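Peer 1: Provide a 3D model corresponding to the input given below.
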Amino acid sequence: MQRKFLGNLFLLQALNWLIKPIWIFWIERLTQINLGDEWYGRYFIIFNFGLLFNILLDFGLNNYVSASVGRSGNPAVAKPILRLRFFLGLGYIAMVLGLGMWQNFDPLILLLVVANQFLAGFTLFFRAVLQGRHMFKTDSIVSVIDRTVAIFICAFFIYSTLFKGRDGILIFLSAQTVGYAIACASAAFFAYRKQESKLPLVDDVKIQTLIKQTAWFAVLAFAMSVFTRIDAWMIHSLAKNSDAEAGLYAQSFRLLDAALIFSSLISTMLLPVFSRTLSENKNTDSMVWLNTRIVLFVALPAVLGASFFGHEILQLLYKKSYADESEFLKALQIFIPLMSCFIPMALVHIFGTWLTAAHRVKFLSFLAITCMAVNIGLNFVFIPKYGAWGAAYSCLFTQSAFAIGCILRGYSLNAFQWIWLRFGNLILWLILSVSVFYFTQGVFEGILGLLFACASYIVVTFLSGIFWKEIKRFFGLS
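Peer 2: Purely as a prediction, here's the structure:
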């Protein structure tokens, strides 16, 4: 089972890491450089404002669908949910457009943001059906269609004089609209083709029943969305020079978003796998431990690279967009704590997913509501004083608290076993990893130092033996 999981995971990661970094580091990065921090900051504020109300697009239904289809193997369980999803989508459009106009957001930019979120929400819904059916290879292809289409469209405009100011934002958003529309149609087609005729019939579920069954999923989705995405809107409302501050925050958040591609893709595969494993009363320790090490293997160098080589990374990516040295130093102060959020957020993708599969959504919801309240409180205190830097540390504290809560609750429910030798190997690996980046920084400079540190980290990881058992098993050596 683990070998098949790793094979599917490799395909999913390969496709996404082939396409999405092109979008993030070429298209999105050049978009911000061409538009400038203030115009891009305006877009980023509206974009995150739209994400705050994604609860109406999701209502926790994606996780519910993936887990339900994973347990039953029948995609028909999702059909009545699709009708509910459509009406919720209409509510989302009305609410975001109404509140956005009240906030005096640009109406056309707001409309395109809403349209994109509407299409993206339905794409994720149909992908949840694919994941529940364990059609991971198809899901891997569908997952990159939207960005692939948008990349080709933006490539025609990004170096032209049209790609400036408000017109540049409209082109950028319109390209995504076309990509989302094609991805949504493709996901819907594959989700319901080639159904097995021998699958059991599924009773039509009433909307009231669905809302009752998914209510805690909805609360969880809303609370997590708020304490992850409300920062941009609060910077807009509370910070001095808010558009520029939001632009600097967006630079670092983009890199965090790129890093999270890895662990979020693992999460989408793990939910149906955990659901089926737990429904069969099987032990999940080996799967949890394997995926914890996998996400840490990627998260550690990302965070350490930002901490020890953040100056070099930001200069390489955004040097042309900084007005002066003080603005660059401010961007660096934001970058380090935001990238450090990668570790707790990646761990949530493992342990939060396990708790969801184990029907502990109510606990997750209460934990998320608590973290949401803490995050909003910290932002109210720190953003007026420190701007985006205060928001970055508020985010790090909140995400860390949420991750610790998920891990402790998972342990109490036997998601994994506490083995001292395993824990000792993990601590040794962490110490060696930090040492590699620390000493490399003192010997090499610039991006060459970062590359050497990452290469040395891979060697140290292998020598630490943290993955030896899985490597031997994968290649049939044990």
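
Peer 1: got a list of what K330 touches?
Peer 2: Contacts for K330 (C-beta atoms under 8 Å, 6 or more residues apart in numbering) come out as 248, 387-389. C-beta here means a position set from N, CA and C on the backbone, and glycine is covered the same way.

Peer 1: would you check those residues and say which has the weakest pLDDT?
Peer 2: Lowest pLDDT within the contacts of K330 is found at L248 (85).

Peer 1: what is the neighbour count of the nearest residue to it once chain neighbours are set aside?
Peer 2: The spatial neighbour of L248 that comes closest, neighbours along the chain excluded (C-beta to C-beta, 6 or more residues apart in numbering), is A331 at 5.0 Å. Close neighbours of A331, defined as other C-beta atoms under 10 Å, add up to 24.

Peer 1: wait, isn't A331 in contact with L317?
Peer 2: No: counting by C-beta atoms under 8 Å, A331 sits too far from L317 to count as a contact (10.1 Å).

Peer 1: list residues touching both of those two?
Peer 2: With C-beta under 8 Å, 6+ apart as the test, A331 and L317 both reach Q251.

Peer 1: what residues sit buried inside the longest helix belonging to the chain?
Peer 2: Longest helix in the chain, counting residues (DSSP state H): helix 242-279. Burial within helix 242-279, assessed by neighbour count using 16 or more other C-beta atoms under 10 Å, is assigned to 242-278.

Peer 1: could you point out which element follows that helix?
Peer 2: helix 285-318 (DSSP states H and E).

Peer 1: tell me what that next one is packed against?
Peer 2: Counting contacts by 3 or more C-beta pairs under 8 Å, 6 or more residues apart in numbering; DSSP states H and E, helix 285-318 packs against helix 2-22, helix 29-52, helix 242-279, helix 325-340, helix 342-357, helix 420-443, helix 446-464.

Peer 1: quick one: which of these is nearest T292?
Peer 2: helix 342-357 (5.5 Å; C-beta to C-beta).

Peer 1: any idea of the angle the closest one forms with helix 285-318?
Peer 2: 140 degrees (axes from the mean of the first three to the mean of the last three C-alpha atoms, to 10 degrees).

Peer 1: what's the mean pLDDT across the helix or strand just after helix 342-357?
Peer 2: Going down the chain from helix 342-357, the next helix or strand is helix 361-386, by DSSP H and E. Here helix 361-386 scores 93 as its mean pLDDT.

Peer 1: about what we covered before: out of the helices and strands packed on helix 285-318, indicate the one that is most buried.
Peer 2: Mean neighbours per residue, mean count of other C-beta atoms under 10 Å, is largest over the helices and strands packed on helix 285-318 for helix 342-357, with a mean of 25.

Peer 1: state the mean pLDDT of that one.
Peer 2: pLDDT averaged over helix 342-357 gives 93.

Peer 1: repeat for stretch 148-165
Peer 2: 87.

Peer 1: just give me how far it sits from the chain centre.
Peer 2: In terms of C-alpha atoms, centre = their mean, to the nearest Å, the centre of stretch 148-165 is found 24 Å from the chain centre.

Peer 1: what's the answer for stretch 229-236, then?
Peer 2: Counting by C-alpha atoms, centre = their mean, stretch 229-236 is centred 17 Å from the centre of its parent chain.

Peer 1: ok, now how distant is L61 from L124?
Peer 2: 10 Å (C-beta to C-beta, to the nearest Å).

Peer 1: these two: who's more crowded?
Peer 2: Higher neighbour count among L61 and L124: L61, with 27 against 22, using other C-beta under 10 Å.

Peer 1: quick one: that one from A175, how far?
Peer 2: On the measure of C-beta to C-beta, L61 and A175 end up 28 Å apart.

Peer 1: I'd say V374 and S400 touch.
Peer 2: No: between V374 and S400 there is no contact under C-beta under 8 Å: 11.0 Å.

Peer 1: shared neighbours of those two, anything?
Peer 2: Residues touching both V374 and S400 (C-beta under 8 Å, 6+ apart): none.

Peer 1: and what about Q417, helix, strand or coil?
Peer 2: coil (DSSP: H, G, I helix; E, B strand; the rest coil).

Peer 1: which residue is the nearest non-sequential neighbour of it?
Peer 2: D285 (5.0 Å).

Peer 1: what does F363 give?
Peer 2: F363's closest residue in space is R409 (C-beta to C-beta, 6+ apart), at 6.0 Å.

Peer 1: and for V178?
Peer 2: Using C-beta to C-beta, 6+ apart and skipping residues adjacent in sequence, the residue nearest V178 is V149, 5.8 Å away.

Peer 1: check contacts around that neighbour.
Peer 2: Contacts of V149 by C-beta under 8 Å, 6+ apart are 175, 178-179, 182-183.

Peer 1: buried members of these into PyMOL, please.
Peer 2: Command for PyMOL that selects the buried part of the contacts of V149, burial taken from 16+ other C-beta under 10 Å:
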select buried, resi 175+179+182+183
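
Peer 1: so which of the contacts of V149 are in helices?
Peer 2: Residues of these located in helices (DSSP H): 175, 178-179, 182-183.
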